[in-house]
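**Q** Sharing a sequence plus its predicted fold:
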Amino acid sequence: MDTHLICQEKVPIFNEVLSGAYQPTHIEGLDSCLYFSERTGRIKFVPDLNKDSTIVFLDLRQKIDTSTTGRGLFGFTFHPEYPDTPSVYTHYVIDSPGTTIDRTILSRFTIDSIQLADPGSERIILDYDHHGANHHGGSPIFGADGLLYLAKGDRGFGIGKADGQDTSNLFSAVLRIDPFRDDYLADERRNYGIPSDNPFIDMAGADEIWAFGLRSPWKMTRDLLTDSIYLADVGDHDVEEVDVLSMGANFGWSCMEGDSTVNHFPCLESYPITPPLFTYDHSYGCSITGGYVYRGTEIEAFRGHYFFGDFCTGNLWSMDVDNDFGVKLYRTDVGRITSFGQTRDGEMYVASFDKHKIYKLSSVDCPVSQSVSTIHQPIYLASSHISSDALVDQDVAFKAADSVHLETPFSVLSGIELEIVMDNCFIVPE
């Protein structure tokens with residue numbers, strides 16, 4: 001049988017930039033500084049990415065409920081005009097003593113003259129009862145319109161299945177509010193305004209809702225170039241999904257799970273289902289983590305690709321949203337992916353919940369120039385180190401040469417027997 005030498009195309013790798021990030025839940029970049037939140041209640045920043053050290057920016061550990069992994073500090077975002085307007089917005093859970101009710105808090109803190117958040121400056125924007133221990137939602141973001149968006153999940157543990165198609169409350173929805181004014185002066189738990197073009201104003205449904213039909217949204221982000229907002233919704237038993245936010249969108253839960261009909265409760269006939277942009281089933285993972293569209297300059301091949309991952313498997317996907325929406329799957333060794341992050345220059349980071357580390361997205365170049373366009377259905381491995389004895393994947397048989405260790409990622413072609421002959425390259429039968 002004739003053979004020829006093949007090498008992988010450019011694939012992502014992850015360079016560790018920080019250790020000791022305990023259960024990180026969110027990453028945000030401002031110029032050269034990187035900020036991240038820990039589930040247990042602290043926001044820290046990394047003043048120098050060349051040094052493995054952090055400074056505490058805000059400490060909320062005394063008030064946050066962390067009794068289960070579904071509770072804690074979910075994330076934060078800076079004022080869109082920071083540093084001219086020095087403030088930060090946080091989303092977290094506090095306990096209600098003597099009750100079974102969680103309270104989810106969206107609040108604002110001012111940033112002092114030494115660039116630390118003042119814990120005594122908290123102004124509560126939204127204080128909302130959540131009758132369950134999980135699915136609280138993720139980090140708030142600001143849209144291109146200057147308004148604040150917050151994704152909320154259902155109440156979880158089965159009872160939440162009633163929430164997905166119920167627009168009378170704030171569960172299972174993306175909220176869109178104006179945090180710079182107060183339309184509820186008599187209500188100390190609501191200190192915000194309602195934008196005049198929200199879809200449920202003067203209709204049945206909560207005025208705050210911009211879109212609904214979500215089960216457990218985890219990470220909603222804005223494309224730095226197009227201003228499109230992408231969000232990931234964690235599935236129930238079968239399907240994970242990526243959605244693109246739009247006014248009045250009904251993403252289907254709990255009559256749909258991703259692109260599958262489940263009919264836990266009937267769909268609202270007056271709001272047709274907005275189909276997901278992408279789904280994957282639970283043979284690839286069990287809990288999606290939304291990411292960002294890469295808009296950096298360091299890796300031209302990835303520009304315009306939306307990256308997202310899975311908490312259970314560490315799998316990573318990239319979707320070319322600038323062109324054909326083609327999707328590629330990469331295997332990684334970064335552990336349980338809880339968050340992606342992006343600096344203002346578009347470079348990307350990823351957080352590992354169990355390894356307590358933050359990595360920067362990088363890439364590896366192909367040392368052999370040869371087209372692989374005739375090879376179909378590639379699966380990719382992305383790792384900082386993969387040894388030959390670990391190369392076992394679905395429907396693939398490997399014959400690794402003695403003493404071969406792959407220090408960089410490579411393609412795995414489903415159903416084809418490969419003989420690895422050198423770092424990064426392998427033999428493919430013709």
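**A** All right, it came through fine.
**Q** what residue ranges in the stretch 301-430 of the chain are flagged as low confidence?
**A** Residue ranges of the stretch 301-430 of the chain with pLDDT under 70: 364-430.
**Q** same question, the stretch 51-200 of the chain
**A** 98-99, 157-160.
**Q** Let's see that with 90 instead.
**A** Counting by pLDDT under 90, the stretch 51-200 of the chain contains low-confidence residues at 51-52, 65-70, 95-102, 113-114, 130-134, 155-163.
**Q** any chance you could map the strands in it?
**A** 55-59, 73-78, 87-95, 102-110, 123-130, 141-142, 148-152, 173-177 (DSSP state E, counting those that start in this stretch).
**Q** Run through who's touching the fifth one.
**A** Strand 123-130 is contacted by residues 89, 93, 96, 101-109, 136, 148, 150, 152, 155, 170-171, 175, 177, 179, 188-192 when judged by CB atoms under 8 Å, 6 or more residues apart in numbering. The C-beta positions use only the backbone N, C-alpha and C, and glycine is treated the same way.
**Q** Tell me the buried residues within those.
**A** 89, 93, 102-109, 136, 148, 150, 152, 155, 170-171, 175, 177, 179, 190-192 (16 or more other CB atoms under 10 Å).
**Q** quick revisit: quick one: closest of the strands of the stretch 51-200 of the chain to residue 313.
**A** strand 73-78 (21.7 Å; CB to CB).
**Q** Tell me which strands the closest one pairs with, and in which orientation.
**A** Looking at strand 73-78 with DSSP bridges, its partner strands are strand 87-95 (antiparallel).
**Q** Could I get the buried residue list for the partner strand?
**A** 87-93.
**Q** tell me the two of the residues you listed that are most distant?
**A** So for the buried residues of strand 87-95, where distance means CB to CB, the most widely separated pair is 87 and 93, at 21.1 Å.
**Q** centroid residue for the chain?
**A** residue 290 (2.5 Å; CA atoms, centre = their mean).
**Q** Verify the stated contact: it with residue 216.
**A** No. Using CB atoms under 8 Å, residue 290 makes no contact with residue 216, being 11.4 Å away.
**Q** got the end-to-end distance for stretch 70-82?
**A** 30 Å (CA to CA, to the nearest Å).
**Q** before we move on, what about stretch 128-139?
**A** 15 Å.
**Q** pLDDT averaged over whichever strand or helix holds residue 231 - what is it?
**A** Residue 231 belongs to strand 229-233 when assigned by DSSP states H and E. Averaged across strand 229-233, pLDDT comes to 98.
**Q** Contacts only, for the closest residue to residue 254 other than its chain neighbours.
**A** Closest residue to residue 254 apart from its sequence neighbours, by CB to CB, 6 or more residues apart in numbering: residue 164 at 3.5 Å. By CB under 8 Å, 6+ apart, the contact set of residue 164 is 154, 172, 212-215, 252-255, 264-265.
**Q** which of the buried residues of strand 87-95 lies closest to residue 337?
**A** Using CB to CB, these come closest to residue 337 at residue 91, 19.3 Å.
**Q** The closest one and residue 148 touch, don't they?
**A** No. Counting by CB under 8 Å, residue 91 stays clear of residue 148, with 10.3 Å between them.
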